[in-house]
Structures are given as C-alpha cells and as structure tokens.
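Undergrad: After the sequence you'll find the predicted model.
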Amino acid sequence: ETGVTQTPRHLVMGMTNKKSLKCEQHLGHNAMYWYKQSAKKPLELMFVYSLEERVENNSVPSRFSPECPNSSHLFLHLHTLQPEDSALYLCASSQVLINTEAFFGQGTRLTVV
Amino acid sequence: DAKTTQPPSMDCAEGRAANLPCNHSTISGNEYVYWYRQIHSQGPQYIIHGLKNNETNEMASLIITEDRKSSTLILPHATLRDTAVYYCIVRENSGYALNFGKGTSLLVTP
C-alpha cells in the first residue's frame, strides 16, 4: 500500500466506449501524474498536475482527457480509443519543490477491443 | 533532466550482493539521483535517492562517485523477490515528474 489508489485495476473497453480511470492519493501531496506503459516499453509521462493546474502535457492524443478536481483526486477520461492504447496506466503523486520521492499506484490494466 | 545509461540486464545469485551501475555523465549540480524498481506489471517502487553523499536505508545503499558522473545501487543480500526492473533517474530538486528510461532487468537466481 503506497497511499495512491487506482480504480479499476483492470478494464476492457470497446473502441466506441467512454470510460474513466480514477486515482486517489492520501499522502497530502500537491502534484499528480499520469503515465502510460505499453508492453516492453519504458514508462511514458502523459500529464502532470501541480496545485490542481495542468503543467505538462506530453503530446497526448485528445482521446485522453485528464481532470484534477482537487489535490487528492485525478481522473483520466477515455473515449474512442484504439487497440494500440491498450497498456498499463499508472498514477503517481509527489510534493513538488521539495526533494522527496514520488509514489505510484498499482495501475489500471486497460485493454481496448 | 540529464540522461542515464544502465546495462539492460544483470543476474545475481540469491544471498549475494547485487551491484547495479548507472552512468549520468551530464548530471548538473542541482540534480539528484533516484532509484526505483518495478516488479512485473506493478507500479514502480521508490528505493533510494541522493545528491552527492552515499546513502543507505533499509532497502539498499547508493554509492555516488565523487565527480557525480556515475552511481551504484547495492542490494546487500538479494532475494528472489528482488527480481525486477531497476531504474536510475536524475531529477532537479524542483522538478516535477520522473522520466524513466529502459532500466536494468535484474534476475535473482536460486
């Protein structure tokens, strides 16, 4: 238990579906992140939120839409995904401007059919 | 953030020390060295980090060379559960996210 909880742990969705991934942190951190990890590839940073504002967006397709309603919650809204979007989606949190580590959730394994 | 170079894979016998090297020759003065590991299909787990002094915690030791251009993560008594991909990352103190490379796949054998 890292203090970062992701739901659901597994998700299968069709290309026309709309779904959302949820991340919640209980660590009092002020920054949250979404990463994507495709099979046998390094983790790719998707989005960064600091103090509830998006500060980084690494050329992610618009079919992925993040939302950070408060410092403890982060969502990733998914719509009209492609099979190549199947991956492990990881959420992390940290305290920015302080030299501390980031904590990761266990991820959501997404399969697009 | 500076780039890091790690060997793609290493083996270690159970009970022996695992020494994982990392080169970060372009590291700047305000960048820290972080180590994470990822056990198959789980979220990355923080291990240790340091600036220039050697560090030790309950999981591992981090040895950073005097010129800070390389470091070594030491797992003193490797177990089968230490089999994972180990990532060496450099990051500014005020930086946001961690940028992961390919890491080193460590296999601990009986």
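TA: Everything's here; your move. Computed from a predicted structure; not experimentally measured. Numbers count the residues shown, from 1 in each chain, chains lettered A, B, ... in the order given.
Undergrad: so what's the residue in chain A positioned nearest to chain B up against?
TA: Closest residue of chain A to chain B, C-beta to the nearest C-beta: residue A:104 (3.5 Å). Any C-beta I mention is one placed from the backbone N, CA and C, and that applies to glycine too. Contacts for residue A:104 (C-beta atoms under 8 Å, 6 or more residues apart in numbering or on different chains) come out as A:2, A:4, A:90-92, B:43-45.
Undergrad: do that again at 6 Å, thanks
TA: Residue A:104 is in contact with A:90, A:92, B:43-44, counting by C-beta atoms under 6 Å, 6 or more residues apart in numbering or on different chains.
Undergrad: got it, and residue B:38?
TA: B:44, B:84-85.
Undergrad: which among those residues gets closest to residue A:10?
TA: residue B:44 (18.9 Å; C-beta to C-beta).
Undergrad: Report the separation between the closest one and residue A:37.
TA: 9 Å (C-beta to C-beta, to the nearest Å).
Undergrad: For these two, indicate the residue with more neighbours.
TA: Taking neighbours as other C-beta atoms under 10 Å in any protein chain shown, residue B:44 and residue A:37 compare with residue B:44 leading, 27 against 20.
Undergrad: about what we covered before: Serialize the contacts of residue B:38 to TSV and add fields for pLDDT, distance to residue B:104 and secondary structure.
TA: Converted to TSV, the contacts of residue B:38 look like this (pLDDT from 0 to 100; distance: C-beta to C-beta, whole Å; DSSP: H, G, I helix; E, B strand; the rest coil):
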residue	pLDDT	distance to residue B:104	secondary structure
B:44	95	13	coil
B:84	97	9	strand
B:85	96	7	strand
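Undergrad: and residue B:43, how far is that from chain A?
TA: 3 Å (C-beta to the nearest C-beta, to the nearest Å).
Undergrad: Next, count neighbours for the closest residue to residue B:15 other than its chain neighbours.
TA: Ranked by C-beta to C-beta, 6 or more residues apart in numbering or on different chains and with sequence neighbours excluded, the top spatial neighbour of residue B:15 is residue B:77, at 5.8 Å. Neighbours of residue B:77 under the rule other C-beta under 10 Å: 10.
Undergrad: still on that earlier bit, which strand residues bridge the residue of chain A closest to chain B?
TA: When bridges are taken as DSSP bridges, the partners of residue A:104 come out as residue A:92.
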